[in-house]
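Student: Pasting the sequence and the predicted coordinates here, then a few questions.
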Amino acid sequence: MTTKLNNVNGVVNLSMLMDFYEFTMANGYFKKGFEDRIAYFDMFFRRVPDNGGYAIMAGVEQLVEYLENLSFSDDDLDYLRDNGIKDSGFLNYLRVFKLKCDVWAIPEGMPIFPGEPIIKVRGPIIQAQLIETMILLTINHQCLIATKANRICRAAAGRPVSEFGSRRAQGAHGALMGARAAYIGGCVSTACTMAAQNFDIPLAGTMAHSWVQMFDSEIEAFRAYADIYPDRCTFLVDTYNTVKSGVPNAIKVMNEVIVPRGFRPNAIRIDSGDMTYLSKTARRMLDDAGFPDCKILASNSLDEYIIRDILIQGACIDIFGVGEKLITSKSEPIFGGVYKLAGIEDESGNIIPKIKMSENVDKLTTPGSKQVVRLFSENNGKAIADVVKLDSEIIDETTPFVLFDPAHTWKRKSVSDFYTLPLLKQIVMSGRLVYESPSLQVIRDFCSKQVDTLWEEILRFENPQMYYVDLSQELWDMKYDLLRRMSEVVNA
């Protein structure tokens, strides 16, 4: 069976990439006359992967591309009809589909925290429902990889990290978008040629063990590679024996081929063994041979914990190539973002708040149309807390503001000398794009600067200090009044 992918304006149309219940609900809304009923949805997540202190927002540009190309072909409609969606009125609605939603998103690269809306949608309930799957798919994946990459890059303590994960990614999309997200998170380059080409990410690459094995001897393989790439040659030195064979042969070729042609050696790569011991030994050998400028690159199933530990042990590594544990976020490969109804509008345009109740307090939703505001200290620029508030509320920067824990309301703190930053930015207005995505380099730099606004206690890998996401008093009152009223109905 051949996979059929529709194209719109040269872009693959992913409009049918959604859970089937989006269609069954949308069809039901249409038949019940809810076609023009305006609804509000929030995407948020409940916990940070790896029990970390923060996550990184990513994937907005791809979400915009999806929304711009949302349409349904005759083949799509025939398929839905064959699978029980037979209402001709609804199918015609899809045939002439035109997005009318408003969409807000926290900018890519911004640190984000559990419980706060990172995407907000306002629009006809049918449309807001149909776009759920792709919002979650796109944002969940790239947030996951950007967050993991940021942890790994921080563990490298300023040393460059290159993304090496394509061959272990979950499919082509995982490789491409994973490389993009990894660059946002702090990686300096990717080994994925297509990602580098499409997203203007610096490209990295060395050689594989197969190159060395193809020749009669290791030194012959090194000579051949150096002859072709004398200006950017990185020798893979662990095919046979790193210390006894690989490094000595690399040094010989540096002296025989690279230096006589007017170049300096680029690097050696170690892909197996005890990275601390081997890198220390290789560093001494390279220095003694007159190549202190030759860098040592380490790969081989690295993650933030291994990198941190070998650096503490004194490993002499200049560059890290990180693959499978980055591109799959192997330690926790799920970013648990959810998409929940927060309100609907009545005929007069008034917002009727909606809430999902649960015996699990963490699964309670927060109703209403909201904005997220980050408070920063005027004294040092550090982030103090995030406040989720109703759209209509204003936080006065000239007077003290009382923060309180939404679950433990007796925990209160008055803050002053702060400034605010609204985080949700409108990207789509009435179905029309009103957002221009920054370059990936700008997003990456923005991410680095925003992570620097977080306290070191929040950046810890183990047991990080919790960053508070609070509700405004007015929003808290509305939420718990709604909970009380719903409880009375349920228990009546």
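Tutor: Happy to help now that I have it. Numbers count the residues shown, from 1 in each chain.

Student: before we move on, what SS does Ala39 have?
Tutor: Counting by DSSP: H, G, I helix; E, B strand; the rest coil, the backbone at Ala39 sits in strand.

Student: Also the one 3 residues further on?
Tutor: Counting by three-state DSSP, the backbone at Asp42 sits in strand.

Student: Check it and give its pLDDT.
Tutor: What the model reports as pLDDT for Asp42 is 98.

Student: How is this structure divided into domains?
Tutor: Using automatic domain parsing, the domain ranges for the chain come out as 7-145+333-491, 206-312.

Student: Apart from its neighbours in sequence, what residue is nearest Gly343?
Tutor: Nearest residue to Gly343, sequence neighbours excluded (C-beta to C-beta, 6 or more residues apart in numbering): Tyr40, at 4.3 Å. For glycine as for every other residue, the C-beta is placed from the backbone atoms N, C-alpha and C.

Student: same deal with Val338?
Tutor: Phe44 (6.6 Å).

Student: can you count the residues close to the residue nearest to Gly343?
Tutor: A count of neighbours around Tyr40, defined by other C-beta atoms under 10 Å, yields 27.

Student: follow-up on the earlier one: among the domains of the chain, single out whichever gets nearest to Gly178.
Tutor: domain 7-145+333-491 (4.7 Å; C-beta to C-beta).

Student: how about low-confidence regions in the chain?
Tutor: 1-12, 492 (pLDDT under 70).

Student: In it, which helix is the longest?
Tutor: Once the chain is assigned using DSSP state H, the helix that runs over the most residues is helix 132-155.

Student: and that one, how far from the chain's centre?
Tutor: 2 Å (C-alpha atoms, centre = their mean, to the nearest Å).

Student: now do stretch 31-51
Tutor: Relative to the centre of its chain, stretch 31-51 is centred 19 Å away, using C-alpha atoms, centre = their mean.

Student: if I read this right, the residue nearest to Gly343 contacts Ile351, doesn't it?
Tutor: Yes: with contact defined as C-beta atoms under 8 Å, Tyr40 reaches Ile351; the gap is 7.0 Å.

Student: any residues in contact with both of these two?
Tutor: Taking C-beta atoms under 8 Å, 6 or more residues apart in numbering as the contact definition, Tyr40 and Ile351 share the neighbouring residues Gly343, Ile344, Gly368, Ser369.

Student: quick one: contacts for the third one?
Tutor: With contact set as C-beta under 8 Å, 6+ apart, Gly368 has these partners: Tyr40, Ala342, Gly343, Ile351, Pro353, Leu390, Leu475, Met478, Lys479.

Student: what about it, which helix or strand?
Tutor: Element membership of Gly368, judged by DSSP states H and E, is empty: it is in no helix or strand.

Student: Ramachandran angles for it?
Tutor: Dihedral angles phi and psi of Gly368 (degrees, to the nearest 10) take the values phi 90, psi 170.

Student: quick one: it from Gln213, how far?
Tutor: If you measure Gly368 against Gln213 using C-beta to C-beta, to the nearest Å, the figure is 63 Å.

Student: looking at the domains of the chain, which is closest to Asp200?
Tutor: If you check each of the domains of the chain against Asp200 by C-beta to C-beta, domain 7-145+333-491 wins as the nearest, at 6.3 Å.
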